[in-house]
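Peer 1: what's the 3D shape of this:
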Amino acid sequence: MDNIRTELYKIDMNNTDEILKFYKKHKAYYENLNKAIDKMTIEEFILVKQKYCVALEKQKQYSEVLIVLEQVYKLLERLKNKSSEHYSVFYEKTLFWEGVVLGRQGKYSESNERFEKLIVIDPKNERYQDWYFTNKDWIFKKKIDFWEYILLFIMLITVLFGKHIFGKYLLYIDLPLFIIFVCWFIYRFIYRKIIRYREKHNK
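Peer 2: This next block holds a predicted model:
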């Protein structure tokens, strides 16, 4: 254990390649949560696992990140009653990365459950708010996609067969459809670009 800790102190924890190499080399040790009993060791395990999760997220290994984060939550439960001054920071970071990865997987509602908790913890954190509202946008997008196809189908039928179907009442159909089309156009080509811009800058 002392040799592993000595090696840990020598690596750059913000270097993706180094942390991946270190964790994989000592995976058997850090996967054995029974070794993390005292406060110092629990904190070390959590720190290493969180850094490992950041590295995995950069490589888009999202499922693996969630597996490791489950272990972190177990460690946090042990740390809760040990008067650790780092508990709150560890918990917040774990929530954040879980929210990020769930968002990357397209699980926007689950992601927002984490960001709702984070906003309660730090209401002024713009990063949490950006993720929360971007998730909201994508939830809305998924719901509206179905109706978008329905609208296009109705518009196509109206253009091709409107006179035969509606006769003299065609104007009463065309006007609402035109208004809906304008709203759809704004959403499709303007609002969605805003969503994608915000999503891009959250990465």
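Peer 1: and the chain, what are its domains?
Peer 2: 2-105, 133-200 (automatic domain parsing).
Peer 1: hey, which of these is tucked in deepest?
Peer 2: Most buried of these, by mean neighbour count (mean count of other CB atoms under 10 Å): domain 2-105, with a mean of 16. All C-beta spots, glycine's among them, are computed from the backbone N, C-alpha and C.
Peer 1: Pull the distance from that domain to the chain's centre.
Peer 2: Put simply, domain 2-105 sits 18 Å off its chain's centre (CA atoms, centre = their mean, to the nearest Å).
Peer 1: Please verify my assumption that residue 128 contacts residue 122.
Peer 2: Yes. Using CB atoms under 8 Å, residue 128 makes contact with residue 122 at a distance of 6.4 Å.
Peer 1: Could you tell me the least trusted of the domains of the chain?
Peer 2: When the domains of the chain are ranked by mean pLDDT, domain 133-200 comes last with a mean of 68.
Peer 1: circling back: need the domains of the chain in TSV (columns: distance to residue 113).
Peer 2: Formatted as TSV, those follow (distance: least, CB to CB, whole Å):
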stretch	distance to residue 113
domain 2-105	8
domain 133-200	10
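Peer 1: Which one, of the ones you listed, ends up nearest to residue 118?
Peer 2: Closest of those to residue 118 is domain 2-105, at 5.5 Å (criterion: CB to CB).
Peer 1: Can you give me the end-to-end span of that closest one?
Peer 2: Taking CA to CA, to the nearest Å, the span from the opening residue of domain 2-105 to its closing residue is 38 Å.
Peer 1: May I ask which helix or strand encompasses the residue nearest to residue 12 when sequence neighbours are not counted?
Peer 2: Nearest residue to residue 12 in three dimensions, chain neighbours excluded: residue 18, at 5.3 Å (CB to CB, 6 or more residues apart in numbering). According to DSSP states H and E, residue 18 maps onto helix 16-25.
Peer 1: list the helices and strands that helix packs on?
Peer 2: helix 39-58 (3 or more CB pairs under 8 Å, 6 or more residues apart in numbering; DSSP states H and E).
Peer 1: what's the angle from the helix or strand following the helix it packs on to helix 16-25?
Peer 2: Next helix or strand after helix 39-58 toward the C-terminus (DSSP H and E): helix 62-80. Between helix 62-80 and helix 16-25, the angle comes out at 70 degrees (axes from the mean of the first three to the mean of the last three CA atoms, to 10 degrees).
Peer 1: which residues sit against helix 62-80?
Peer 2: Here helix 62-80 makes contact (CB atoms under 8 Å, 6 or more residues apart in numbering) with 31, 33, 36-37, 39, 42-43, 45-46, 49-50, 52-53, 56-57, 86-87, 90-91, 94, 97-98, 101-102, 104-105.
Peer 1: Appreciated, that's everything.
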